[in-house]
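Q: What follows is a predicted structure for the sequence shown.
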2 protein chains.
Amino acid sequence: MELKTKIHAEDGKQELTITREFELPVELLFKAYEDADIVAQWMSTTVVKLENKKYGSWQFDTSDDKGNIVFSASGVYHEFVPNKKITRTFEMGNAPFDVQLEFLEFEALDEDRSKLTMQIVYRSGALRDQMLKLPFKQGLNMAHNRLEALVKKLNS
Amino acid sequence: MELKTKIHAEDGKQELTITREFELPVELLFKAYEDADIVAQWMSTTVVKLENKKYGSWQFDTSDDKGNIVFSASGVYHEFVPNKKITRTFEMGNAPFDVQLEFLEFEALDEDRSKLTMQIVYRSGALRDQMLKLPFKQGLNMAHNRLEALVKKLNS
C-alpha cells in the first residue's frame, strides 16, 4: 500500500523533500508542531524544550521503559511563522549525523485539508544517503498517521 | 594575482567551501569572530547582536553615510565552540536569498598560523549559483586581509 507520507530524494543531491496531506485544517496541523502536549503524544517523546519563536530552541528526548534516553534531538528555530512555516536546525544527540537545516511549510488545501512540505538540507549527499537507509520512511508515515488521528480526536 | 581566500564550488552542488590561511594563532583568528569590536572593524559593519553561545543569535547592520541600512544579515548559532567551530544560520535581510547553514572550522596550522574552513549549504543549487555571481569573492578576500592586518596590529 502506498504510504501517505512521501519522500522525494533525487540522486546525487544533499537534500530530500517530505510531503504529506492531512485531513486537518492548516491551523490544527500547525498546532501539532506548536503545542508541546500534542507533539509529545504523536512523536512519542518527551518535549524538554519548545520555544516557539524566532531564535528559540527545542529539544526532544525519548526514553525506554527503564528511563534510558534512546533518542534525542535538538536544534534552534531560525524562523517561526504560525500556520505558515518553521525553519529550524535539527541534530540528533549521540549520533554520527551532522546538523541539518529543515524548512517546514504549512499550506491550507481547503477548509478541512492541509499539506506539509518539509525540505531537509544535509551537510553532504553521503549523509543524506545514510539517513535514507534508516527505517524512517515507515516510522514517519506512522507518526503522521498518529498526528492526524490524535488532532482529529482532540477536536471532535 | 591569486587571492588568499579560496572558494571551491563544485558544479551541480548546493554548497560551497571557502578556505583561508591566516598568519595568526588560531585563538586570535577565533577572536575576530567572537569579539564584537573586532568584527565591526574588519567587516565594516555595526554589530547589533552577537550572543556567543549555543542557540544565541547574531545580527549585523551596515549603513551608508546617511545612516540608511544598505546591508543586513542575521541568524542563530546552532553550535559555538571557542577556537574550534561555529555552526550558524545566516540570512540576508531584504534580499531574495533564503537562509543558509554555515559550518566554520578553525584549525591551528602551527603556533603562528591558522586556517579557516567555511562550508556553506544553500537551500538549492540555483541559490548558490546566484550567490556566486555576486562580487563577493574579492570582497571576502579583502575583508579577510583586513581581519589579519587588524588583529596583528591589535596584538603587536
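A: Looks like it came in fine.
Q: quick one, longest helix in chain A?
A: Secondary structure of chain A per DSSP state H: the longest helix is helix A:136-154.
Q: Go through that helix and flag the buried ones.
A: Neighbour counts over helix A:136-154 (16 or more other Cβ atoms under 10 Å in any protein chain shown) mark A:140, A:141, A:143, A:144, A:145, A:147, A:148, A:151 as buried. (C-beta placed from N, C-alpha, C; glycine too.)
Q: list the helices and strands that helix packs on?
A: strand A:15-22, helix A:26-34, helix A:36-42 (3 or more Cβ pairs under 8 Å, 6 or more residues apart in numbering or on different chains; DSSP states H and E).
Q: Pull the distance from it to the chain's centre.
A: 11 Å (Cα atoms, centre = their mean, to the nearest Å).
Q: And for stretch A:5-16?
A: Going by Cα atoms, centre = their mean, where stretch A:5-16 is centred and where its chain is centred differ by 16 Å.
Q: circling back: now tabulate the helices and strands packed on helix A:136-154 in TSV and tack on distance to chain B.
A: Shown next, in TSV, are those (distance: least, Cβ to the nearest Cβ, whole Å):
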stretch	distance to chain B
strand A:15-22	7
helix A:26-34	18
helix A:36-42	18
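Q: And these: which comes nearest residue A:128?
A: Taking Cβ to Cβ, strand A:15-22 is the member of those nearest to residue A:128, at 6.0 Å.
Q: mind listing what's buried in that closest one?
A: For strand A:15-22, using 16+ other Cβ under 10 Å, the buried residues are A:15, A:16, A:18, A:20, A:21, A:22.
Q: Now do the same contact list for the closest residue to residue A:46 other than its chain neighbours.
A: Using Cβ to Cβ, 6 or more residues apart in numbering or on different chains and skipping the chain neighbours, the partner closest in space to residue A:46 is residue A:61 (5.0 Å). By Cβ atoms under 8 Å, 6 or more residues apart in numbering or on different chains, the contact list for residue A:61 reads A:45, A:46, A:48, A:69, A:71, A:72.
Q: Now do the helix or strand hosting the third one: everything it contacts.
A: If I follow you right, that is residue A:48. Using DSSP states H and E, residue A:48 sits within strand A:46-50. By Cβ under 8 Å, 6+ apart, the surrounding residues in contact with strand A:46-50 are A:34, A:36-37, A:39-40, A:56-63, A:74.
Q: Let me have the residues you listed in a markdown table, extended by pLDDT and distance to residue B:156.
A: Below are these laid out as a markdown table (pLDDT from 0 to 100; distance: Cβ to Cβ, whole Å):
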| residue | pLDDT | distance to residue B:156 |
| --- | --- | --- |
| A:34 | 97 | 53 |
| A:36 | 98 | 53 |
| A:37 | 97 | 59 |
| A:39 | 97 | 54 |
| A:40 | 96 | 56 |
| A:56 | 97 | 42 |
| A:57 | 97 | 40 |
| A:58 | 98 | 45 |
| A:59 | 97 | 44 |
| A:60 | 97 | 49 |
| A:61 | 96 | 49 |
| A:62 | 91 | 53 |
| A:63 | 89 | 55 |
| A:74 | 97 | 42 |
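Q: Could you rank those by neighbour count and give me the top one?
A: residue A:58 (24 neighbours; other Cβ atoms under 10 Å in any protein chain shown).
Q: quick revisit: of the contacts of strand A:46-50, closest to residue A:96?
A: Checking those one by one against residue A:96 (Cβ to Cβ), the nearest turns out to be residue A:74, at 16.0 Å.
Q: what about the closest one, distance to chain B?
A: 9 Å (Cβ to the nearest Cβ, to the nearest Å).
Q: got the contact list for that residue?
A: A:48, A:49, A:57, A:58, A:59, A:60, A:90, A:91, A:93.
Q: What is the burial count for residue A:130?
A: So residue A:130, with other Cβ under 10 Å, has 13 neighbours.
Q: For the closest residue to it other than its chain neighbours, which three-state class applies?
A: Closest residue to residue A:130 apart from its sequence neighbours, by Cβ to Cβ, 6+ apart: residue A:97 at 7.3 Å. Taken by DSSP: H, G, I helix; E, B strand; the rest coil, the conformation at residue A:97 corresponds to coil.
Q: just checking, residue A:97 touches residue A:73?
A: No - Residue A:97 lies out of contact with residue A:73 (Cβ atoms under 8 Å); the separation is 9.9 Å.
Q: what touches both of these two?
A: residue A:91.
Q: for residue A:154, what are its contacts?
A: Counting by Cβ under 8 Å, 6+ apart, residue A:154 has contacts residue A:38.
Q: just residue A:131 next, same as before
A: A:16, A:97, A:122.
Q: The last one contacts residue A:128, doesn't it?
A: Yes - counting by Cβ under 8 Å, residue A:122 sits close enough to residue A:128 to count as a contact (4.3 Å).
Q: shared neighbours of the two, which are they?
A: What both residue A:122 and residue A:128 touch, as defined by Cβ under 8 Å, 6+ apart, is the set A:14, A:15, A:16.
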